[in-house]
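# sequence unknown, structure follows:
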């Protein structure tokens, strides 16, 4: 028998070895199973009486000595075997995990970086795409070189917060690409240990396009909030203007017979002032659904020239035109587009107080899916209005289309808002480029809907003597009496109604008497009563040949611009003069 002390000394060595292995690898997740095997080995070495067990089976002393050492060594050998097996498994899993995380980092839509504050220690491919720098440039660059100058203070405060709290979440800021373009980004960062020293690991998410989309939606919401207010004001104001302009035009006709030139000149000045007031309501109308374009065939070149030269009359600036050769006729709302050109040219002129040249470039461009603008693919008219004035501060660029935003002492803040709405209603796009101290360029894109030049309608001043019967339905007594008085002076019989049901009743009675009305003027909107659309439907049901004319100072939906779809034969927007009224209805009257 070998001394138990010898066996105990050897067993003690194995026990210590197993304990050291277990402690050193206790926190290794892939080797957790080896803990249980090690504990089993310790129990076996500590409590199994080897020599006694072997003696009971009749082994001799020499065999006993050899077998005892083998039996004592076997558990430790098995333990080492399993330790190596699990270590190999852990190594394989770690390689797979590292490959998985590397793929996630390289394929991420966010820029990922590690920095020690002085230079980048690691950047992924997306970081290279976002910044525009090469890998070699980034890893030798101070991270603060990427920060937009106006954002440096915010980033410094963010870094202080990061050091204090250990993490930084969703800090919005701006960076500068290598090409100088500013991007809006979200920063996330955390303090980590990298290669044995403290470092910062962070991500950058490019939200520039998302911010632009949000700003666009916000502008739409702001403009939409003015719909009810602007529409109501425009409707009432246009009714009042109709009464004023109509009565002035009647007075002018009377004075022409008296050949009172001085009074006629005074009336013309009053009518001109009413025309300017009508322009103001037109701006308000474009905040509402009644701003829907009344498209017709028009020459974009003529509209731009006339509008620009009108805007610069009396100013120190002049226009310089650069038109694409053979610009096609287009289908637009000429009044609205003229208003856009006037507003933009006036802004350009005001940006050059000492005078200058407003350059207008008009071209035809092809837009495809890769075009860097939110436009449907197709052909567009691109109008660029460029000045070399004082420019727009960068902090104001994102607000210039907001309603009532202005930096002018006497500005209303409506001009560019109206332009934005009109262009959007034409399914186009408007954008501004500006550099403070160098000038501004405004680009307008309008879908090119080519038309035949013969579609352009030209109206002459007819001097026909006409007769007939006309029914006028309007909720404003002022308008009813104006039309009645004005048409009677021309020998036209006029009946009036204050709402749709009354008008339908009178139309039915006239039809039954065998003397139907030659024309019916229907106000589109009647508060608390039947409006023009419903009245027209009922009249057409009893008399499909009815000559119906829609009139309104505020249009719901798109009735004024697509009146034929609702059975109307003509459209008479408010405010209007008696001459315009006569021109509209005369084709339905007899000589």
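Right, received. Where do you want to start? Because the structure is predicted, anything quoted here is derived from the model rather than measured. Numbering: from 1, shown residues only.
# quick one: the helices in the stretch 351-500 of the chain, in order.
Secondary structure of the stretch 351-500 of the chain (DSSP state H, counting those that start in this stretch): helices located at 394-397, 415-425, 477-488, 500-512.
# so for residue 346, which of the ones you listed sits nearest?
In terms of C-beta to C-beta, the element of these nearest to residue 346 is helix 415-425, at 7.4 Å. The C-beta positions use only the backbone N, C-alpha and C, and glycine is treated the same way.
# kindly reformat the helices of the stretch 351-500 of the chain as JSON lines containing mean pLDDT.
Putting those into JSON lines (pLDDT from 0 to 100) gives the following:
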{"stretch": "helix 394-397", "mean pLDDT": "75"}
{"stretch": "helix 415-425", "mean pLDDT": "83"}
{"stretch": "helix 477-488", "mean pLDDT": "87"}
{"stretch": "helix 500-512", "mean pLDDT": "93"}
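# so which of those helices comes closest to residue 247?
Among those, if distance is taken as C-beta to C-beta, the winner is helix 477-488, at 6.2 Å.
# got the contact list for the residue nearest to the spatial centre of the chain?
Among the residues of the chain, residue 216 comes closest to the average C-alpha position under C-alpha atoms, centre = their mean, at 2.6 Å. Under the criterion of C-beta atoms under 8 Å, 6 or more residues apart in numbering, the neighbours of residue 216 are residue 374.
# re the thing from before, dump the helices of the stretch 351-500 of the chain to CSV, plus distance to residue 169.
Conversion of these to CSV gives the following (distance: least, C-beta to C-beta, whole Å):
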stretch, distance to residue 169
helix 394-397, 26
helix 415-425, 35
helix 477-488, 62
helix 500-512, 60
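# which of those helices sits most buried?
helix 415-425 (a mean of 23; mean count of other C-beta atoms under 10 Å).
# and that helix, what does it pack onto?
Secondary-structure packing of helix 415-425 (3 or more C-beta pairs under 8 Å, 6 or more residues apart in numbering; DSSP states H and E): helix 208-224, helix 334-350, strand 429-435, strand 439-447.
# which of those comes out lowest on mean pLDDT?
For the helices and strands packed on helix 415-425, mean pLDDT drops lowest on helix 208-224, to a mean of 74.
# quick one: distance of that one to the chain centre.
With C-alpha atoms, centre = their mean, to the nearest Å as the basis, the distance from the averaged C-alpha position of helix 208-224 to the chain average is 4 Å.
# just want the angle from that helix to strand 429-435.
Between the axes of helix 208-224 and strand 429-435, defined by axes from the mean of the first three to the mean of the last three C-alpha atoms, to 10 degrees, the angle is 110 degrees.
# before we move on, back to that, of the helices and strands packed on helix 415-425, flag the one that's most buried.
helix 334-350 (a mean of 23).
# quick one: contacts for residue 439?
Going by C-beta under 8 Å, 6+ apart, the list of residues near residue 439 reads 351, 386, 387, 388, 389, 391.
# actually residue 349, sorry about that
For residue 349, counting by C-beta under 8 Å, 6+ apart, the contacting residues are 311, 312, 315, 316, 317, 356, 358, 387.
# likewise for residue 202?
Residue 202 sits next to 112, 113, 114, 115, 168, 187, 188, 189, 190 when contact means C-beta under 8 Å, 6+ apart.
# tell me the secondary structure for it?
Following DSSP: H, G, I helix; E, B strand; the rest coil, residue 202 is assigned to strand.
# check residue 249 too.
Reduced to three states with three-state DSSP, the structure at residue 249 is helix.
# what is the burial count for it?
By the criterion of other C-beta atoms under 10 Å, residue 249 has 21 neighbours.
# next one: the one 4 residues further on
Residue 253 is flanked by 17 other residues according to other C-beta under 10 Å.
# quickly note the distance from it to residue 549.
Noted for residue 253: a distance of 21 Å to residue 549, by C-beta to C-beta, to the nearest Å.
# just put the helices and strands packed on helix 415-425 in a markdown table and tack on distance to residue 306.
What follows is those, written out as a markdown table (distance: least, C-beta to C-beta, whole Å):
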| stretch | distance to residue 306 |
| --- | --- |
| helix 208-224 | 27 |
| helix 334-350 | 7 |
| strand 429-435 | 20 |
| strand 439-447 | 16 |
